[in-house]
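Undergrad: predicted model and sequence follow; I will ask about them next.
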Amino acid sequence: MACEVNVFIKKYAYLCNIDDKTVLPEICSVGIEPEYDLRCNKILLHCLNAIEQDVADIIEKYGKNRIGIVIATTNAGIEEFGCVGNKLSTQMGNPALFLQRYLGLTGFAAGVSTACTSGIKAFSLARNLIKSNICDAVIAGGVDSLAKLTLFGFSALEVLSDKKSNPFSKNRDGINISEGGALFILENAEKESSGIKILGIGETSDAYHAATPDPCGLETIRAIREALCEAKIEPQDVDYINLHGTGTNTNDLMEATAVYSVFQDKVYCSSTKPLTGHCLGASASIEAAICCDVLLNPQKALPLHVYDGEYDESLPRLKLIEEDVTLEDLKIVMSNAFGFGGTNAVMILGVI
């Protein structure tokens, strides 16, 4: 009988809250074509440099043809395309191919672009590559840089806020678009005795509306239950939920309804988007990294839910973290991601 394949997060790095003081590395490697000289790839390279030795170790361990690359994005180099007109910069696979070329790898490489669920979808694909023995390890993650086209699109939908996002408040009025990236080394670790394990992933689709989630959250609930089922745990076993929490009327209604349906008000939760902004295709990857921080530092307080404190009482009441909370026996966290087209993705991580 085949052994169970357990996929662990071995190392990770992330970058958000980028400002004028953030120094991004230049892309000057020999043999890297001009279409890869993009801001999003500089963000990726910043993350890669933080785990450079760990990446070198897995390449030496497995070989260049057994390491996969899976990168989530929604913008790629669409901003640069407006300046230089190179259509290759707009391809959703551009960041993944950049990393592959930069590292000299020869295995699987692909981009994932499913709106705001892209980051968790990248984990799902990466895990399947390892389980299918296509790869021994995968460098997975997500990245997005700011682009005027995207900003104009969200503005046309009237969901941008000129104030800090205010999820689950009665005064919420939209999202803040941001940029950032995260990278993870995923590996088959069936003999590992400790580490962060991907316990379960749930993926569904509303088939409801192109830009609005189903307010009843039926498929969101199913995605949560799929993740719980695969993880072989009950709702009460989850210690913390990182909410998608965009601060739009439609997301917060749907998410509060779905989360309350499964967990009631029994599990601590928060949205970290008021702290990081909404990084689009990178958001779920960055929030997965925040969840890893939570698991590896149980002595620290859980991420606060930063908002004006005026909960929208028309929503089911969630157990938002409004003051410092520390859990001594924290072992399992869940991260939510939902996006345009009715795409839903939920990932459960656990420290083993």
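TA: That came through, no problem.
Undergrad: residues contacting the closest residue to F340 other than its chain neighbours?
TA: The shortest distance from F340 to any non-neighbouring residue, by C-beta to C-beta, 6 or more residues apart in numbering, is to A115 (4.3 Å). Backbone N, C-alpha and C define where each C-beta goes, glycine included. Contact partners of A115, counting by C-beta atoms under 8 Å, 6 or more residues apart in numbering, are 74, 280-281, 339-341, 343.
Undergrad: by neighbours, which of these wins?
TA: Of all the contacts of A115, G281 has the most neighbours under the rule other C-beta atoms under 10 Å, reaching 32 neighbours.
Undergrad: what about it, distance to I177?
TA: 12 Å (C-beta to C-beta, to the nearest Å).
Undergrad: and if you look at I71?
TA: Counting by C-beta to C-beta - I71 and I177 are separated by 19 Å.
Undergrad: more crowded one of these two?
TA: I71 (37 against 21).
Undergrad: hang on, the more buried one in a strand?
TA: Yes: under DSSP: H, G, I helix; E, B strand; the rest coil, I71 sits within a strand.
Undergrad: related to what we said a few turns ago, and the residue nearest to F340, what's its pLDDT?
TA: Predicted confidence (pLDDT) for A115: 97.
Undergrad: from A223, how far off is it?
TA: 14 Å.
Undergrad: repeat for I58
TA: Distance of I58 to A223, computed by C-beta to C-beta: 30 Å.
Undergrad: quick one: which of the contacts of A115 is nearest to L218?
TA: Of all the contacts of A115, L218 sits closest to T343, with 14.1 Å by C-beta to C-beta.
Undergrad: quick check: the closest one touching G202?
TA: No: contact criterion C-beta atoms under 8 Å: T343 and G202 do not qualify, at 11.8 Å.
Undergrad: what are the ranges of the helices in the protein?
TA: Per DSSP state H, the chain carries helices over the ranges 39-50, 52-62, 78-84, 94-103, 118-131, 148-156, 218-231, 249-263, 273-276, 283-296.
Undergrad: where among the ones you listed is the average confidence lowest?
TA: Across those, helix 78-84 gives the lowest mean pLDDT, at a mean of 88.
Undergrad: go through it and flag the buried ones.
TA: Residues 78-81 are the ones in helix 78-84 that count as buried (16 or more other C-beta atoms under 10 Å).
Undergrad: what of stretch 44-61?
TA: The neighbour-count check on stretch 44-61 (16+ other C-beta under 10 Å) flags 44-48, 50-51, 55, 58-59 as buried.
Undergrad: and this structure, what are its domains?
TA: Listed domain ranges for the chain are 7-169+174-188, 196-351 (source: automatic domain parsing).
Undergrad: the closest residue to F263 other than its chain neighbours: neighbour count?
TA: With sequence-adjacent residues excluded and distances taken as C-beta to C-beta, 6+ apart, F263 is closest to P235, at 5.0 Å. Residues near P235, counting by other C-beta under 10 Å, number 16.
Undergrad: in contact with P235, which residues?
TA: Per C-beta under 8 Å, 6+ apart, neighbours of P235: 228, 262-263, 266-267.
Undergrad: and for A210?
TA: 340-341.
Undergrad: distance of it relative to G202?
TA: 22 Å.
Undergrad: what's the answer for L330, then?
TA: 21 Å.
Undergrad: the two: who's more crowded?
TA: More neighbours surround G202 than the other of L330 and G202, with 26 against 18 (other C-beta under 10 Å).
Undergrad: which residues does the more buried one bridge with?
TA: V346 (DSSP bridges).
Undergrad: got it, and Y14?
TA: Under the criterion used (DSSP bridges), Y14 bridges to A182.
Undergrad: counting neighbours, what do you get for it?
TA: Neighbours around Y14, by other C-beta under 10 Å: 27.
Undergrad: need the per-residue pLDDT for it.
TA: So Y14 comes in at 98 (pLDDT).
Undergrad: for A2, same thing?
TA: 50.
Undergrad: perfect, that will be all.
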